[in-house]
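**Q** Let's see this in three dimensions:
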Amino acid sequence: MIRQFVEVNQKIDRQFSDINQKMDRKFGEVNDRLTKLEIGQAQLSGEIKALDEKLSGEIKALGEKLSGEIKALDEKFSGEIKTLDLKVNGIDKRLDNQEFLNRGVSVAVIAAPIGGAIKLFDILPRN
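**A** Sure thing, here's the model as predicted:
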């Protein structure tokens with residue numbers, strides 16, 4: 001009976017040894033996978049941070065570019081408004097001159113027939 005007990009004990013020891021070796025291998029594989037996962041996560045984190053910095057820089061550059069373009073358009077429109085204002089003032093002066101000429105011509109057109117009628121009908125006394 002002792003001999004059977006020893007054999008069973010040896011068999012159990014071998015099975016425990018096999019199980020320990022398998023568990024050590026599996027734990028090693030799991031440990032390797034966890035290490036690779038941590039490395040991959042660190043790489044992804046670095047890539048995300050780099051992309052975030054790149055996008056932030058591009059957004060900032062785009063904002064500055066748009067701000068510059070808006071400023072340039074504002075200056076251009078201001079210049080065009082000033083030019084338009086000068087043109088309107090010039091046209092206003094021309095219209096003033098045109099109105100003066102139109103009044104003069106109108107007075108002449110009215111005065112000429114009246115003068116002709118007076119001469120024709122000899123309405124004014126002679127000295």
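
**Q** okay, CA-based contacts and neighbour counts for the rest of this
**A** Will do.

**Q** where in the chain is pLDDT low?
**A** Along the chain, the parts satisfying pLDDT under 70 run over 124-127.

**Q** And the helices in it, which stretches?
**A** Listed in chain order, the helices of the chain (DSSP state H) span 2-121.

**Q** Roughly how far does Ala117 sit from Ala108?
**A** Distance of Ala117 to Ala108, computed by Cα to Cα, to the nearest Å: 14 Å.

**Q** ok, now Lys87?
**A** Lys87 is 31 Å from Ala108, by Cα to Cα.

**Q** same deal with Gln98?
**A** For Gln98, the distance to Ala108 - Cα to Cα - is 15 Å.

**Q** ok, now Lys60?
**A** In terms of Cα to Cα, Lys60 sits 71 Å off from Ala108.

**Q** and if you look at Phe121?
**A** From Phe121 across to Ala108, the span is 20 Å (Cα to Cα).

**Q** With Ile48 instead?
**A** 87 Å.

**Q** swap in Phe27?
**A** From Phe27 to Ala108 the distance is 117 Å (Cα to Cα).

**Q** what's the answer for Gln15, then?
**A** 134 Å.

**Q** next one: Gly68
**A** Taking Cα to Cα, one finds Gly68 at 59 Å from Ala108.

**Q** ok, now Ile81?
**A** Ile81 is 40 Å from Ala108, by Cα to Cα.

**Q** what's in contact with stretch 87-98?
**A** Stretch 87-98 is touched from outside by no residue, with contacts defined as Cα atoms under 8 Å, 6 or more residues apart in numbering.

**Q** Figure out how far it is from the centre of its chain.
**A** From the chain centre to the centre of stretch 87-98 is a distance of 42 Å (Cα atoms, centre = their mean, to the nearest Å).

**Q** Would you mind extracting the C-alpha trace of it into CSV?
**A** Output of stretch 87-98 as CSV, limited to C-alpha atoms (Å, rounded to 0.1, in the frame of the first residue of the first chain):
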residue,chain,number,x,y,z
LYS,A,87,-16.7,109.6,-57.1
VAL,A,88,-20.1,110.5,-55.6
ASN,A,89,-18.8,113.9,-54.5
GLY,A,90,-17.4,114.4,-58.0
ILE,A,91,-20.7,113.4,-59.6
ASP,A,92,-22.5,115.8,-57.2
LYS,A,93,-20.3,118.7,-58.3
ARG,A,94,-21.0,117.8,-61.9
LEU,A,95,-24.7,117.7,-61.3
ASP,A,96,-24.5,121.1,-59.6
ASN,A,97,-22.8,122.5,-62.7
GLN,A,98,-25.3,120.7,-65.0
